[in-house]
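1. Give me a 3D structure for the following:
(one chain, ligands or ions: 1)
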Amino acid sequence: MPPRIIYGAGCQGISLFRQLEDDFEPPVIHCFVDSDPEKQGGSINGVPVYAPDYLKTRIPGTYRVLVAVGSHYGQIRKYLENLGWEEHNHFEDASPRPMTYGEMNPDFIPLMNEVRRYSLLSRQRLEMLYQWAKNAHAVRGDIAEVGVYKGGTALLMASVLQGTGKELHLFDTFSGMPHTTYDIDLHRPGDFSDTATEEVARLLSVFAGVRLYPGIFPDTVPKGWETKVFSCVHVDVDIFSSARDCCRFFYPRMSQGGIMIFDDYGFPSCPGIRQAVDEYFDTVHDKPVYLPTGQALVIKSAAQF
Ligand SMILES: C[S@@+](CC[C@H](N)C(=O)[O-])C[C@H]1O[C@@H](n2cnc3c(N)ncnc32)[C@H](O)[C@@H]1O
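-> Got it, this is the predicted structure:
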């Protein structure tokens, strides 16, 4: 086993170093390398820290380089490849990261792979949505989504709901983005028009209790919903006025413990979502919690309807 060089003497490199030291058969750590001049020339637990140029003096493959620099990995990969080191053979991304939900629950992976064929959401965002929707089982009320497009996230939520007796209410024009607010939104009317109500209905036809409402929300809300309550609502509308209308309509109708999930809250491509959510929740008791996935969620703390 060739000795190791840890690329990165910051907190990620140090945490990797500690992890390796705890191994049943700890590998030999030859040195750290780091581009920070303040770290170069020093040492960590007796292991020296050199400048990255040190690797120019080593023959690729005589050491294994463990790169622990988090999101800067791409930059370092290029640097090492230019020196003749080969990814996987001679170096690897070794930044410590927590396990994903899918890694912890392999049974979930086939559903995730199917959902991703119909969804714009990243794996991480889908994993969040799945868990929050599951969490709503014990809460009174149905589930709703505004912003269905090809039905990926709807498929995920429909799968979670089976056997609960809850209904899933799905709102979308199914013909593209409606009017947008020109000075706030970056999306334009007609975006996402490559879908169709019939296709989404077919995708979800195996599930009981799924209802589709084609047209512009909230005009399509059925009559008689004045006293209806919800346990979980997924808002994935990308534009200001739709997000604002979702807050106004659904928040007062959420059961205690009910969850609203706003996709795209932290994405610069959808500035209207954050603006609408922040403006609305400034006026009520509950506040959005921002997740590292870019989603925000609000948990209804007390019945106010
Ligand atoms: C980003 S897509 C939804 C993505 C989907 N959740 C997925 O899994 O990929 C946004 C959708 O919101 C819909 N939309 C936005 N505002 C709407 C409104 N007021 N009424 C109906 N649909 C709306 C658009 O038509 C579009 O299909």
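2. Which residues of the chain lie near the ligand?
-> Within reach of the ligand by Cβ under 6 Å from any ligand atom, the chain has these residues: 119-121, 147-149, 152-153, 171-173, 176-178, 192, 216-217, 236-239, 242. In this view, the C-beta of every residue, glycine as well, is placed from N, C-alpha and C.
3. all strands in the stretch 51-200 of the chain, in order from the N-terminus.
-> For the stretch 51-200 of the chain, the strands defined by DSSP state E, counting those that start in this stretch occupy 64-67, 91-93, 142-146, 168-172.
4. Quick one: distance of the last one to the chain centre.
-> The reference is to strand 168-172. In this view, strand 168-172 has its centroid 21 Å away from the chain centroid, taken as Cα atoms, centre = their mean, to the nearest Å.
5. related to what we said a few turns ago, for P288, which of the strands of the stretch 51-200 of the chain is the nearest?
-> P288 lies closest, by Cβ to Cβ, to one member of the strands of the stretch 51-200 of the chain: strand 142-146, at 16.5 Å.
6. tell me the average confidence for that closest one?
-> Strand 142-146 carries an average pLDDT of 98.
7. Stretch 175-189 too?
-> For stretch 175-189, mean pLDDT rounds to 95.
8. So which of the residues of the chain next to the ligand belong to helices?
-> Secondary structure assignment (DSSP state H) places G152, T153, S242 from these within helices.
9. Thought G147 was touching the last one, still the case?
-> Yes - using Cβ atoms under 8 Å, S242 is in contact with G147, at 7.5 Å.
10. If you count surrounding residues, which of the two has more?
-> With neighbours defined as other Cβ atoms under 10 Å, S242 and G147 compare such that S242 has more, 29 against 25.
11. shaky segments in this protein?
-> Filtered on pLDDT under 70, the chain yields the residue ranges 303-305.
12. quick one on the thing from earlier: tell me, what's touching S242 and G147 both at once?
-> Common contact partners of S242 and G147 (Cβ atoms under 8 Å, 6 or more residues apart in numbering): V235.
13. right, and the strands of the stretch 51-200 of the chain - which one's nearest Y280?
-> Taking the strands of the stretch 51-200 of the chain one by one with Cβ to Cβ, strand 142-146 is closest: 14.3 Å.
14. Let me see the ranges of the strands in the stretch 201-305 of the chain.
-> So, for the stretch 201-305 of the chain - with DSSP E, counting those that start in this stretch - the strands run 210-214, 230-235, 254-262, 289-290, 296-299.
15. Could you find the closest non-adjacent residue to the residue most central in space within the chain?
-> By Cα atoms, centre = their mean, the chain has its centre lying nearest to R125, at 2.7 Å. In this structure, R125 finds its nearest non-sequential neighbour in T293, 4.8 Å apart by Cβ to Cβ, 6 or more residues apart in numbering.
16. From the ligand, how far off is that neighbour?
-> Using Cβ to the nearest ligand atom, to the nearest Å, T293 is found at 14 Å from the ligand.
17. Pretty sure that residue sits against L126.
-> No - T293 is not in contact with L126 according to Cβ under 8 Å; the separation is 9.4 Å.
18. which ones are touching D286?
-> Y251, V298, I299, K300, S301.
19. Relative to the ligand, which of those residues is nearest.
-> Comparing the contacts of D286 against the ligand with Cβ to the nearest ligand atom places Y251 closest, at 16.1 Å.
20. in a helix, that's where I5 is, yeah?
-> No - counting by DSSP: H, G, I helix; E, B strand; the rest coil, one finds I5 to be strand, located in no helix.
21. Could you number the chain from 880 rather than 1 from now on?
-> New numbering, starting at 880: the last item is I884.
22. Enumerate every residue touching it.
-> Neighbour list for I884: I908, H909, C910, F911, V912, L934, R937, Y942, R943, V944, L945 [criterion: Cβ under 8 Å, 6+ apart].
23. in the sheet, who's paired with it?
-> I884 has the following beta-bridge partners by DSSP bridges: C910, V944.
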